[in-house]
Every structure is written in C-alpha cells, then in structure tokens.
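# Here's a sequence, model it:
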Amino acid sequence: MAPIITVVPASTKAGKETISALLKSPSQPLIRAIYRDLSKAPAEFTAHPNFEAKTGDVATGTGLDFAGSDAVFYVPPPTYDGTDLGEFATKTANYVKKALQDASTVKKLLLFSSMGAQYDHGIGILRINHISDTILKDAVPEVLIIKPGYFQENWAHAFDTIKADPPVFYSPVTPVDHKIPMVSLIDVGEACAEALLDEVKKTSPHYFDLYGPRHYSATDVKLAVEEVTGKQVEIVAIDKAHLAGFFAEQVPAAYVQDFVEMTASALPGGTMAGDFGDHEYTVKGNVQLVEALRRLYSA
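Presented below is the predicted three-dimensional model:
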C-alpha cells in the first residue's frame, strides 16, 4: 500500500523540491501538501493524481490534520512580521507537535533543520531550527532531523547584480576563499524524499548533515557565475563590520541582527565554523555549484 506523506508548509523551497522528488518516485506515495494559500500549489502538482493540496497554517495551528498520514515533513518557517523569532518557533513547533500527537497513524517525522542548529546561542535566525529540533525530537516514534548546508541557489541574486558596469556580486561569506557547506535544492529534495520513504527505521532522533559534493567559497561562486554567464565578475566582499548595513537593505529592521549573527557564525572564528567536517552521518549530494547556477540562469 502506498505511503501517505504530509508536507507542511508545502510552499517552502525544501517542501516544493521534496514533493517534486516524491511524485517522481516509483513508490508512488500519496502526498498531502498543506498551504496557507492554496494558490501557491504549482499546477504540475495539482494535476498529479497522487497529490492533494489542503489549507492550513502553522502560525495559527489551523488545518494541521495529519490523520491517516504515515509520515510528516515539517519545514519550520521564519516570520518577518515583527514577532520574536524564538516565540514564533516555539508556538509553531508546539502546534505541529499537538497535531502529530492527535494523529496516531504518524510513525515518522522528517524535520528540516540547519547546520549549526545544535547550538542554543550565537546562530541568529537559525535558533528557529534549534527550538524546533528540541521540541519535536521525540514527537513520534521515529524522528529524522536533516541539517543541510547553505542553498547553492541562494546565489541567484548574482545574475541581477552582474548587470552592473562593471559586473559584480555581493558576498557576505568572507574571506573570499573561506569555504562553507553548500548544497543544491535538487539534492535537498532527493535526500528528503529518500528519508521519508526509507523503510529501515533509524534510532530516534537521527540527525544527519546534507552537503554538496564539496564545500565552496565566494571565489568558487565567482568562477561558477563566470562559467555560466561568460562574463568576468568581481566580488564585493561584505566584511563582518558591514553585515548589518548589507542586511538592512534586505530584511525588516527587527531581524537584521539575527541575519548578521547567522552569517558570522559560519565565518572563521564563528560559533559553527569548526563543524564542517564529514562524519558517519554526513550525506553528500551530487549537484555541483556550477550546475545549480546553470539551471537557474537557463530558466
């Protein structure tokens, strides 16, 4: 019998890629995708016979009906409405925990976390993941916690800024030769789908890192962008002292320091900077940075 898997919130990048991978699986699972706004469900999903979109919201706890599901994939979302991130993460994780406890059929939870989420301080916005991991790590019989690196696709902004004269892209990852774990969303979706469908039960909670084939630096991003676009590109390195000004142009003022702290935590001397080595629970993806950026540029 095909497994029933619920994805919430389904509109997230990780949720979307995981659903795509699940719908291509020979296991033919039935997918229940929970959206706050049903219009966010892609047409290619809604046209699939094994896909069902449902209305729900982790921010309010409404519509979180997991009854009949064998597994649930939860991606803790951020908030930018001025609410304290810690309070928001605690509230949403507890809503999800209650929904899991109310649904006796759920035997597996895949929880989307982040590198560095093992720390309770010094990680900025990633404390959402630390709090969610802590609250949900024993919510169902089997809890899998995936900790991916930085999304390779987040560098897509370079395709806009290289239109300047001279072509440039901005990097808050410094020094420019400092390498951090990066992984493509394609690999994220495939790894999450595999974890949800795996019939071999892991000791719970089971944490695993997800990295790309290798770690990358801003210099590697520059070389990849140049290969994809055929343009010579310069790096505008945003050092630690200027991170606040950089993020102030991108996120609400209430969250600027959280983004500064998250970024600094991965830089030399940062909270998690020494944690990027491989271990027995490290999973490596296959998509190289240049491949991920080429897909975006072609699209």
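# May I have the phi/psi pair for residue 100?
According to degrees, to the nearest 10, the main-chain angles of residue 100 amount to phi -70, psi -40.
# nope, residue 143 is what I meant
phi -120, psi 120.
# Now do the same for the residue lying farthest from the centre of the chain: helix, strand or coil?
Largest separation from the mean C-alpha position in the chain: residue 165, at 32.9 Å (CA atoms, centre = their mean). Under DSSP: H, G, I helix; E, B strand; the rest coil, residue 165 falls in the coil class.
# and it, what pLDDT?
Residue 165 carries a pLDDT score of 89 in this model.
# Then residue 162?
Reported pLDDT for residue 162: 89.
# Stretch 80-93: which residues count as buried?
Within stretch 80-93, the residues scored as buried using 16 or more other CB atoms under 10 Å are 85, 88-93. In this view, the C-beta of every residue, glycine as well, is placed from N, C-alpha and C.
# wait, stretch 182-197
Burial within stretch 182-197, assessed by neighbour count using 16+ other CB under 10 Å, is assigned to 182-193, 195-197.
# Inside strands: which ones of the residues you listed?
182-183 (DSSP state E).
# Which members of the buried residues of stretch 182-197 occur in helices, if any?
Cross-referencing these against helices under DSSP state H gives 185-193, 195-197.
# Quick check: which element contains the closest residue to residue 265 other than its chain neighbours?
Spatial nearest neighbour of residue 265, excluding adjacent residues (CB to CB, 6 or more residues apart in numbering): residue 271 at 4.2 Å. Here residue 271 sits in a region with no helix or strand, counting by DSSP states H and E.
# can you count the residues close to residue 271?
20 (other CB atoms under 10 Å).
# Residue 67: which of the buried residues of stretch 182-197 is nearest?
residue 196 (17.7 Å; CB to CB).
# in the protein, which helix or strand is least confident?
When each helix and strand of the chain is scored by mean pLDDT, DSSP states H and E, helix 158-161 comes last, with a mean of 92.
# Could you check how far residue 15 is from residue 33?
From residue 15 across to residue 33, the span is 7 Å (CB to CB, to the nearest Å).
# Where do the strands of the stretch 151-299 of the chain begin and end?
168-171, 182-183, 206-211, 234-237, 282-284 (DSSP state E, counting those that start in this stretch).
# I figured residue 65 hits residue 55, correct?
No: at 10.1 Å, residue 65 does not count as touching residue 55 under the criterion of CB atoms under 8 Å.
# if we can go back for a sec, return the list of helices and strands in contact with the least confident helix or strand of the chain.
Packing partners of helix 158-161 (3 or more CB pairs under 8 Å, 6 or more residues apart in numbering; DSSP states H and E): strand 168-171, helix 218-229, helix 289-298.
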